[in-house]
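Q: Just to be clear, the model below is a prediction. Sequence and coordinates:
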Amino acid sequence: MRDDALEAARVRVAHEDPESVFARLPLLAGERDYDTFRAHGACFAYAIATWCFLLGSYAADFLGAVEGTVCLIAGNVIGTFLCTMPLSLGCQRYGLEQMDFCKTAFGQRGSHVLILFYLINMLGWSGLLLVMFGNGIFNLAAEFGLEPGQWLVGTGVALGIWISYLIATRGVHRLGVVAGWVTPSLALLVLYMVYRLVSVHGWDNIAAAAPLDPTPDPAINYAIVLELGIANGFSWWGGIGFLARNTRTQRNSVYPEILQLGLMSGLVSSVALFAALTIGSDDPTEWMIPLGGLFMGTVALICIGMANITAVSLSIFASGLALRHVPFLRMRPWWQVIVVTIIPCCFFIFWAQELYDLGASFLAYNGTMYAPIAGIVFVDFFLLRRQRVCLRSIFDNDPKGDYWYWKGFNLLGLGGIVLGQFVYFFLFDPIDLETHWLFTYVPASLGAFIVPALMYWVGMRLQGVKVEPDAADTRLRLPNI
């Protein structure tokens, strides 16, 4: 990127230039919409959407209430912390979109390889949430004496897509406003669920409830639930950079993500674990009304639906920013980029239940892919670059640039992703639940994080690649705040 272009980017007035808000140029401080309240609100709304209820329901197959709670909270916090730190600090400090930030580790063109996995993650979760939104409409209609067909679930998915489109095309500010309304409703809903579970079933019965479908080996049951929590923490990788980029301080980029996406996500997953153990269903839209009664159950379903739409809107917005890397979409109007983003979600309209049943396997996929990426980015940002990034080189496709490597690809970084897949499946096959004996000591996601990270660190050092900043070149390495 030329010096005059960078200088022009620095003098933009907040929200006047869509190239920053709806595209990839670094965000200035005045263009960032998340203060402390909105940062916590957005992360909270994102954290306790239906995927947390799904995670807790999956955990009920293997562990009881107390053991499952410990594993879910520990796993979520570990995974979230490891993938949050470099993205939260780096994307916030420099105002960078996530795919651009990853160029330092994977190369100018190599970072584009991540877009495919990124979109699969974001749109996969969006599809699952949209199906849950449709299931909520279906179950609500059934409770009111109607006899809906499965077409109603698909109709609900289509409605959710339309609402998410309307929100995502109106920018981060509108997302923050919606999250600000959803957050207190969700907080009250979670507290009410805990109250109803304890008052109706009693804590002693909840704590004594047996797992629904455990394996014969107790150690494997613990390891699987811990792995589910860690993989869920790593699955936030796709949205962390987008959230951090829009925060006004580094404190607001780090604490909300760890506390909400990590700790709160684990706590809410535990509430779903309790409900699944006592009611015996892994679909939260099926146990909301039995748990809260017709009136409160209806209110709960509405709140969950609002949370799902908020999370889907955030996912679609972040996916649209990623698609700006595709040449023919780079200069297209924002609404057209969003339309392209939501097209894959339309498959969930026609095959809602079939795709929803793949939810547990999809969660494991996030651990196999995002754990090695998170490990490589962690080492690259903290150990190799000492938290300094050259903005000029981020937007410079010159083969002499700092992040060009070999024809635009850093083969060490990309090879680390492949290595992480082998490490993960060597330790744990999430489809057949087959495990290596090491899995009880090293969760598969942590193995897939550590091994590629070590390989990348050693390889970059041995190659002698220049990674530390030149002390004399500070003007374009300063944070964009």
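A: Alright, I've got the coordinates. All values reported here derive from a predicted model rather than from experimental measurement.

Q: what is the rounded mean pLDDT of stretch 437-446?
A: Stretch 437-446 shows a mean pLDDT of 93.

Q: That one: which residues count as buried?
A: By 16 or more other Cβ atoms under 10 Å, the buried positions in stretch 437-446 come out as F439, T440, V442, P443, A444, S445, L446. C-beta coordinates here come from the backbone N, C-alpha and C atoms, glycine included.

Q: For the fifth one, give its distance to D432.
A: The gap separating A444 from D432 is 13 Å, by Cβ to Cβ, to the nearest Å.

Q: swap in P344?
A: Counting by Cβ to Cβ, the gap from P344 to D432 is 27 Å.

Q: of these two, who's got more company?
A: Remark: of P344 and D432, P344 carries more neighbours, 16 against 7, as counted by other Cβ atoms under 10 Å.

Q: Make sure that one is actually in contact with W125.
A: No. Counting by Cβ atoms under 8 Å, P344 sits too far from W125 to count as a contact (12.0 Å).

Q: For the stretch 251-400 of the chain, which segments count as strands?
A: Ranges of strands in the stretch 251-400 of the chain, per DSSP state E, counting those that start in this stretch: none exist.

Q: so where's it uncertain?
A: For the stretch 251-400 of the chain, the stretches with pLDDT under 70 are 282-285, 359-361, 363-364, 366-367.

Q: repeat that for 80
A: 280-308, 310-311, 314-315, 318, 321-322, 325-327, 330-331, 353-368, 396-398 (pLDDT under 80).

Q: Would you map the helices across it?
A: Per DSSP state H, counting those that start in this stretch, the stretch 251-400 of the chain carries helices over the ranges 265-279, 284-323, 334-342, 347-350, 352-356, 359-378, 391-394.

Q: what does the helix or strand harbouring Q421 rub up against?
A: Q421 is part of helix 411-427 when elements are defined by DSSP states H and E. For helix 411-427, contacts defined as Cβ atoms under 8 Å, 6 or more residues apart in numbering pick out 105-107, 110, 113, 367-369, 371-373, 375-376, 380, 405, 435-436, 438-439, 442-445, 447-449, 451-453, 455-456, 459-460, 463.

Q: Please flag which of those residues sit within strands.
A: Among the contacts of helix 411-427, the ones falling in strands (DSSP state E) are T435.

Q: Could you tell me which of the contacts of helix 411-427 count as buried?
A: So, of the contacts of helix 411-427, 105-107, 110, 113, 367-369, 371-373, 375-376, 380, 405, 435, 439, 442-445, 447-449, 451-453, 455-456, 459-460 end up buried under the neighbour-count rule (16+ other Cβ under 10 Å).

Q: still on that earlier bit, most widely separated two among the buried residues of stretch 437-446?
A: T440 and S445 (14.2 Å; Cβ to Cβ).

Q: Run the chain-centre distance for the helix or strand following the helix holding Q421.
A: Using DSSP H and E, the helix or strand that follows helix 411-427 towards the C-terminus is strand 428-429. From the chain centre to the centre of strand 428-429 is a distance of 22 Å (Cα atoms, centre = their mean, to the nearest Å).

Q: helices or strands next to strand 428-429 in the packing?
A: Contacts defined by 3 or more Cβ pairs under 8 Å, 6 or more residues apart in numbering; DSSP states H and E place strand 428-429 against strand 434-435.

Q: strand partners of the strand it packs on, parallel vs antiparallel please.
A: strand 428-429 (antiparallel) (DSSP bridges).

Q: Chain neighbours aside, what residue packs nearest to the residue nearest the centre of the chain?
A: With distances taken as Cα atoms, centre = their mean, the chain has W236 as the residue nearest its mean C-alpha position (2.5 Å). Leaving out its chain neighbours, the residue that sits closest to W236 by Cβ to Cβ, 6 or more residues apart in numbering is L261, at 4.9 Å.

Q: P372 reaches F449, doesn't it?
A: Yes. Contact criterion Cβ under 8 Å: P372 and F449 qualify, at 6.7 Å.

Q: the inter-axis angle of the helix or strand E67 falls within versus helix 265-279?
A: Take DSSP H and E as the rule and E67 turns out to sit in helix 65-94. Counting by axes from the mean of the first three to the mean of the last three Cα atoms, to 10 degrees, helix 65-94 lies at 150 degrees to helix 265-279.

Q: For helix 65-94, buried residues please.
A: For helix 65-94, a neighbour-count test (16+ other Cβ under 10 Å) marks 65, 67-94 as buried.

Q: next one: stretch 233-245
A: Buried-residue list, stretch 233-245, by 16+ other Cβ under 10 Å: 233-245.

Q: average pLDDT across the helix or strand harbouring M122?
A: Assigned by DSSP H and E, M122 falls within helix 110-143. Averaged over helix 110-143, pLDDT sits at 81.

Q: next structured bit after that helix?
A: On the C-terminal side of helix 110-143, the closest following helix or strand by DSSP H and E is helix 151-168.

Q: ok, residues contacting that next one?
A: Taking Cβ under 8 Å, 6+ apart as the rule, helix 151-168 contacts 126-127, 129-131, 133-138, 141, 174-175, 178, 305, 308-310, 312-313, 316-317, 320, 338-339, 342, 345-346, 348-350, 352-353.

Q: Run through the stretch 51-200 of the chain and note the low-pLDDT ranges.
A: 51-54, 117-125, 139, 142-150, 170-187, 189-190.

Q: Which one, of the helices of the stretch 251-400 of the chain, ends up nearest to N121?
A: Each of the helices of the stretch 251-400 of the chain has some distance to N121 by Cβ to Cβ; the shortest is helix 359-378, at 6.0 Å.

Q: ok, of the buried residues of stretch 437-446, which one's closest to N221?
A: Checking these one by one against N221 (Cβ to Cβ), the nearest turns out to be T440, at 10.2 Å.

Q: Can you point out the buried residues in stretch 115-126?
A: Buried, per 16+ other Cβ under 10 Å, within stretch 115-126: I115, F117, Y118, L119, I120, N121, M122, L123, G124, W125, S126.

Q: where's the third one relative to Q98, distance?
A: Distance, Y118 to Q98, by Cβ to Cβ: 8 Å.
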